[in-house]
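J.: Got a predicted model here, sequence first, then my questions.
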Amino acid sequence: MKSLKKKRRIQIVTVAFVALALSTALIGYAMRDGINFFRSPSQIVADPPALNEVFRLGGMVEAGSIRRGQSEEVSFRVTDFCHVVEVRFRGILPDLFGENEGTVATGRMVDDVFVAHEILAKHDETYMPREVANSLDAMAPENAPDADCAFPHMNTASATDS
């Protein structure tokens, strides 16, 4: 009798372990396309993304770069004050989107142009996404790997947790 209970217990533990492993694998498989990594323009220049890789591009909208095209098509440049990436977007921009403002765009690179399907803008006058602030801080003159990338240091202290 004890032997039967012991076998049943081992079977239940084994089935539970297999179910847990299978569910973990399925969740990981489902999330593979849902994870978008943030990159700055300098990171894109240094290490170009894979073909058709969806990722987030963050930085500042370059002054004078916003061009509105036919209907809802907009193009602009995103910079980290070292490198610049051309961005094309078709849709309605957020109300707070503008020149010299922080932005994060989700999309992919197509022929050296970032084609965005989503644009995020800061939600108030003092906020900058932490990832963008950290990227800009890393490119500050004292941290810049390339002397040609030096720029007037911006105050990104407002990029605290929100």
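T.: Structure received.

J.: so where do the strands sit in the chain?
T.: Secondary structure of the chain, counting by DSSP state E: strands at 38-39, 55-61, 67-68, 73-79, 84-90, 102-110, 113-121.

J.: and G28, which of those strands is closest to it?
T.: Of all the strands of the chain, strand 55-61 sits nearest to G28, with 18.7 Å by Cβ to Cβ. Any C-beta I mention is one placed from the backbone N, CA and C, and that applies to glycine too.

J.: hmm, back to that, any chance of the strands of the chain in a markdown table, plus mean neighbour count and mean pLDDT?
T.: Shown next, in a markdown table, are those (neighbours: other Cβ atoms under 10 Å; pLDDT from 0 to 100):
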| stretch | mean neighbour count | mean pLDDT |
| --- | --- | --- |
| strand 38-39 | 21 | 84 |
| strand 55-61 | 23 | 91 |
| strand 67-68 | 11 | 91 |
| strand 73-79 | 20 | 93 |
| strand 84-90 | 19 | 94 |
| strand 102-110 | 20 | 91 |
| strand 113-121 | 18 | 92 |
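
J.: Looking at those strands, which is nearest to R32?
T.: strand 55-61 (13.3 Å).
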